[in-house]
Every structure is written in C-alpha cells, then in structure tokens.
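Peer 1: what follows is a protein structure lacking sequence information:
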Ligand SMILES: [Zn+2]
C-alpha cells in the first residue's frame, strides 16, 4: 500500500505538522517530513482530528432499507468524518440475537466506508419484558459490548437491574433511552410554554430525569456501568453531575441538535423538528453546552435517525420522530462549542472520538494522532462557511433540520486505516 503525506495540518488544532501514513498506520508525525514518493495532501490551515466515533447511529438495516442501509449510512458517516459508528438495535428484526448482530457486523465489513459495531438489544424484541441473549451477542463475532433498547426505555426497574448485573460480568455497558413511558403517553413536543400555546401534548422534563435518577442509583447499587443516551434537559445534567460526584460509573451523551435547536421551532409545525427526546428550551440548550464543556456530558452522539420522505412530510401528529445527523454533526459542534469558546479542537477530539471509542470499546479508534497508531483520521476545513444542502447528502434520507442554514466547517478527507474514504469532500 502506498504512502500518504498530510502536509501542514493543525493536529487537534495545534501547531502545523506533517503526518505520514504508511499502509494502515501512521508512520511519523513531525515538521518538514520528506514526501519520499508519498501522495501529498496539502492541509495548510486545516485541522486534523482522529476519525470520529458515533456511539448512537440508526442504520435501519435490516428491515427499513427504504430509509437507510449499512452502505448508505456508512457513506454518510465517512462524509461526516466518522471512521466508526455504533448501530442501534431497533431494526426489523430487532438486533437481539447473535445472528442479527453478526449480520450487521458483516455488512459493515463488506461495505468498508467505516467500521460498524452493532449494539445489542437489552430485551427480546425491545419489548421490555425478557432479557435478550446478552452473553451470546457478546461472545459472537460482533463482540457486542453496548446494549440498548433505544427508541424505547427499559422502564422496568428489575429488568434494568438484571441487565446492569449481566453486562458487569464482561465489562459491557447498558445505554438507556431515558423516557418514562406513562409520563409521555401521546406526547408530541417538550412540555412548557410553547406546548401550552400550541395545544400539543407535552413531554415533561421529569419523564427523562426520573429514569436517569433511578438508573444511576441502580448502577451504584449493583456496581455496574450505565450510559445515558441523548440528555436533553438542564435537570438531567444536574443528576449526572451529582452521580459523577458520588463516584457512580455513569457516562452521558448529547446530540448536536439538542446543542443548537429549541422548542420555539415547533411553532412552524414543520415535522423536521419532531424528535425524541424533543427539542427543549434555550435554558436547557445552554446547560447542555456547559455540561459538554466541563465533562459532565462525556460525548456528542448523533442519534442519526433517517426517515423516508413520506414518514416526515405529513402533519405534525402523524410524523415520525428523528433527524439525520452524521453529515452535519461536526459543523454543529463547531458552531455551538468551538466558535462560542466552550471547547477547543482537542476538546472536540475528546468528545467525538477518544471518549466515545473508550465507552464503546471500539478497537483501533479514538487513538492519538501519533506514530504507530492506526491511520483513522479526519481533515476539516474549519474556515469553510456554507449552507446545508440535503440534496448532496450520502444518506438515503433527507430529514435534516438544517436545510438552507449556514453552518461552519466542512470535512474534506477521511481515512479509515490509511484508506481514503473521502477525498476533497467526495466519497471514494
Ligand atoms: Zn433514543
């Protein structure tokens, strides 16, 4: 395999350096490295990051290939600078057996745009009644370590306790979609001033916060590890902060859209803003940003949730919940966290690569940009400004809340183990 010399890139936003890739690994990092016949990528002014890792992606295959497939979803991931994604289990059939997780894992390996690590369901059929075959999924070729019923909450406390006890044996983690189901029956948006004015069913913050409070206490009780998906309220932040201060083994994620958008947008009745958990208030958005900056929230995860046009282009009440996110995540983080001075690029590398890789145990990902490491890398033109055009997405779906919105930054190159998956903004 040939050599690639990335010349003059700001590694993690620092001083310009050259990075030489030989085959699948980084051979050298330094200044004035000779090109030695390597293919040269001029990267002056651009920021080089470790390949991004998404702990929360919906690839929809098997079963909903009309909205996304492993191929189109991993192309979207590469386009957004990701080299590894964790695929949620709410497919058809549900990824609740070794057979299904192995199928998703194999599809990821065949398509090659990024590594795909399947997440296993916590309960059979996501029904919340009986534990799925967690051990068999862990022992399978897919080597599952993250389990989630995402899309649904594991609301039965006994089932949640058993799942936490079970994964403890092999160092796995349960990722909870925190939504108390009785408190959110018929809910259409955040419960607050706007829902009252619009007359839409409200989704109270306490429905999320009560489950998080219960689960951090359960994790403490059984001495296990819990991860909280898509925190969306200021109160959730306070609970996670308290739990961490007690030494409870909890990690948490926030989505890009919860860092930027508020429930005021629901006044448009445009279903593109309908998402689970719902968009909250300005106060929540600011608390989430601050928590991501101070490390209370560990990572950014996209909750990339593709839906076909017909499931979103309808009246609010009938529309599916979710937004695509892989191809805009880094730009939203640049806008909300970097340009506000809350995080530097090293901080972005931590929240979008190092720490998600550690939580999910993604081997070879989230590694330092240094000699001997796998060449999983992302090059970003941070000076770029442009409006989002969903027609250019690699995802099969177009349900982005950012259409026509100007966002900063553009991923120009992505390398997966030394192989370019994105060159000059174009997929290979
Ligand atoms: Zn969820």
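Peer 2: That came through, no problem. On a predicted model such as this, the values are computed, not experimentally measured, just so you know.
Peer 1: buried stuff in whichever strand or helix holds residue 197?
Peer 2: Using DSSP states H and E, residue 197 maps to helix 193-198. By neighbour count on 16 or more other C-beta atoms under 10 Å, the buried set for helix 193-198 is 194-195, 198. The way it works is simple: take the backbone N, C-alpha and C, and place the C-beta from them, glycine included.
Peer 1: which one of those residues is nearest to residue 185?
Peer 2: Among these, residue 195 lies closest to residue 185 (C-beta to C-beta), at 14.3 Å.
Peer 1: per-residue pLDDT, that closest one?
Peer 2: Per-residue confidence (pLDDT) for residue 195: 98.
Peer 1: do I have it right that it meets residue 189?
Peer 2: Yes. Proximity of residue 195 to residue 189 meets the contact threshold set by C-beta atoms under 8 Å, at 5.2 Å.
Peer 1: return every residue with contacts to both of the two.
Peer 2: Both residue 195 and residue 189 are in contact with 201-203, 263, 266, where contact means C-beta atoms under 8 Å, 6 or more residues apart in numbering.
Peer 1: closest one of the residues you listed to residue 156?
Peer 2: For the shared contacts of residue 195 and residue 189, the nearest to residue 156 is residue 203 (20.5 Å; C-beta to C-beta).
Peer 1: what's the burial count for the closest one?
Peer 2: 26 (other C-beta atoms under 10 Å).
Peer 1: which residues does it bridge with?
Peer 2: As for beta bridges, residue 203 partners with residue 190 under DSSP bridges.
Peer 1: what about it, distance to residue 315?
Peer 2: Using C-beta to C-beta, to the nearest Å, residue 203 is found at 18 Å from residue 315.
Peer 1: roughly how far apart are residue 66 and residue 224?
Peer 2: With distances taken as C-beta to C-beta, residue 66 is found 37 Å from residue 224.
Peer 1: hang on, I meant residue 169
Peer 2: Taking C-beta to C-beta, one finds residue 169 at 9 Å from residue 224.
Peer 1: got the phi and psi for the spatially closest residue to residue 322 that is not a sequence neighbour?
Peer 2: Ranked by C-beta to C-beta, 6 or more residues apart in numbering and with sequence neighbours excluded, the top spatial neighbour of residue 322 is residue 305, at 2.7 Å. Backbone torsions of residue 305, given as degrees, to the nearest 10, read phi -130, psi 80.
Peer 1: hmm, residue 305 is touching residue 324, no?
Peer 2: Yes. At 6.9 Å, residue 305 counts as touching residue 324 under the criterion of C-beta under 8 Å.
Peer 1: on that earlier part again, name the nearest of the buried residues of helix 193-198 relative to the ion.
Peer 2: Set against the ion, the nearest of those by C-beta to the ion is residue 195 (19.9 Å).
Peer 1: residue 366 and residue 351 touch, don't they?
Peer 2: No. Taking contacts as C-beta under 8 Å, residue 366 lies outside contact range of residue 351: 10.7 Å.
Peer 1: buried sites along stretch 134-142?
Peer 2: 134-135, 137-138, 140, 142.
Peer 1: please name every helix or strand in contact with the strand or helix carrying residue 330.
Peer 2: For residue 330, the host element (DSSP H and E) is helix 329-333. Under the contact definition 3 or more C-beta pairs under 8 Å, 6 or more residues apart in numbering; DSSP states H and E, helix 329-333 sits against strand 52-57, helix 256-260, strand 406-416.
Peer 1: okay, these in TSV with distance to the ion next?
Peer 2: Shown next, in TSV, are those (distance: least, C-beta to the ion, whole Å):
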stretch	distance to the ion
strand 52-57	7
helix 256-260	12
strand 406-416	23
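Peer 1: residue 305 and residue 324: which is more packed in?
Peer 2: residue 324 (30 against 26).
Peer 1: enumerate every residue touching residue 27.
Peer 2: Applying C-beta under 8 Å, 6+ apart, we find residue 27 in contact with 3, 20-21, 371.
Peer 1: so which of those residues comes closest to the ion?
Peer 2: Using C-beta to the ion, those come closest to the ion at residue 21, 36.0 Å.
Peer 1: ok, the closest one touching residue 417?
Peer 2: No. Using C-beta under 8 Å, residue 21 makes no contact with residue 417, being 9.4 Å away.
Peer 1: between those two, what contacts are shared?
Peer 2: residue 375.
Peer 1: okay, those two: which has more neighbours?
Peer 2: residue 21 (26 against 20).
Peer 1: in terms of secondary structure, what does whatever helix or strand that one lives in contact?
Peer 2: Element membership of residue 21, judged by DSSP H and E, is strand 16-22. Using 3+ C-beta pairs under 8 Å, 6+ apart, the elements in contact with strand 16-22 are strand 3-11, strand 25-30.
Peer 1: run me through the strand neighbours of the first one, direction for each.
Peer 2: Right, strand 3-11. Strand 3-11 pairs in its sheet with strand 16-22 (antiparallel), strand 39-42 (parallel), strand 47-50 (parallel), by DSSP bridges.
Peer 1: out of those strands, which one sits most buried?
Peer 2: strand 47-50 (a mean of 26; mean count of other C-beta atoms under 10 Å).
Peer 1: what mean pLDDT would you report for that strand?
Peer 2: If you average the pLDDT over strand 47-50, you get 98.
Peer 1: what about residue 156, how many residues nearby?
Peer 2: Residue 156: 13 surrounding residues under other C-beta under 10 Å.
Peer 1: how about the residue nearest to it when sequence neighbours are not counted, what does it touch?
Peer 2: Nearest non-adjacent residue to residue 156, counting by C-beta to C-beta, 6+ apart: residue 128, 5.7 Å away. When contacts are counted by C-beta under 8 Å, 6+ apart, residue 128 touches 149, 152-156, 159.
Peer 1: and of the residues you listed, the nearest to residue 49?
Peer 2: Closest to residue 49, out of all of these and judged by C-beta to C-beta, is residue 149, at 31.3 Å.
Peer 1: so that closest one, which of the three states?
Peer 2: coil (DSSP: H, G, I helix; E, B strand; the rest coil).
Peer 1: contact partners for it?
Peer 2: With C-beta under 8 Å, 6+ apart, residue 149 has these contacts: 89-90, 121-123, 126, 128, 177.
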